[in-house]
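**Student:** Got a predicted structure here, sequence first:
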Amino acid sequence: MTGVALPLIVKAFGLGVMEKGAVGAAPLFGILIGATALGGLSDRVGRKRMFIVEMILFAVGLLLLVFSPNCPWLLVFLFIIGAALIDGLLLVGIVCAVLLVDKAGRIRLQVLPPYN
């Protein structure tokens, strides 16, 4: 997730090898936690409402990431972005299938193989 920006992040924060690995792993760890914790929560709270909350969380995480003062805060904000991003991406397909497609179309969408 940070692959293209990693050289710029290393230069801006003066990161060593360990910090560089942590910067690459923080969003992935956020994805792991976000998919398990926020996925079940969206079933209870409502997918549409949870999608809006996660996009707000993602936007706030990006805004805070821009102003991160040091490496620990950078890792926290990358974690938040990863947690919000994965569940948001999963919910996009569900929200689109439920809200934008009629009932007969949903059945056709489920039957079609992916990447056709």
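**Tutor:** Thanks, I have the structure now. Numbers count the residues shown, from 1 in each chain.
**Student:** For the protein, just list every one of the helices.
**Tutor:** Under the criterion DSSP state H, the chain carries helices at the ranges 6-13, 17-45, 47-66, 71-99, 103-111.
**Student:** so the first one versus helix 17-45, what angle?
**Tutor:** Calculated by axes from the mean of the first three to the mean of the last three Cα atoms, to 10 degrees, helix 6-13 forms an angle of 110 degrees with helix 17-45.
**Student:** winner for burial among the helices of the chain?
**Tutor:** helix 71-99 (a mean of 18; mean count of other Cβ atoms under 10 Å). Every C-beta, even on glycine, is put in place using the N, C-alpha and C of the backbone.
**Student:** wait, doesn't Ala83 sit right on Leu38?
**Tutor:** Yes: between Ala83 and Leu38 there is a contact under Cβ atoms under 8 Å: 6.7 Å.
**Student:** what about the spatially closest residue to Leu62 that is not a sequence neighbour, distance to Leu15?
**Tutor:** The shortest distance from Leu62 to any non-neighbouring residue, by Cβ to Cβ, 6 or more residues apart in numbering, is to Ile81 (6.3 Å). From Ile81 over to Leu15 the distance is 18 Å, taken as Cβ to Cβ, to the nearest Å.
**Student:** Just name the shakiest helix or strand of this structure by mean pLDDT.
**Tutor:** Counting by mean pLDDT, DSSP states H and E, the weakest-scoring helix or strand in the chain turns out to be helix 103-111, with a mean of 57.
**Student:** Contact partners for the spatially most central residue of the chain?
**Tutor:** Centroid-nearest residue in the chain, with Cα atoms, centre = their mean: Leu85, separated by 1.3 Å. Residues in contact with Leu85 (Cβ atoms under 8 Å, 6 or more residues apart in numbering) are Met1, Pro27, Gly30, Ile31, Gly34, Phe58.
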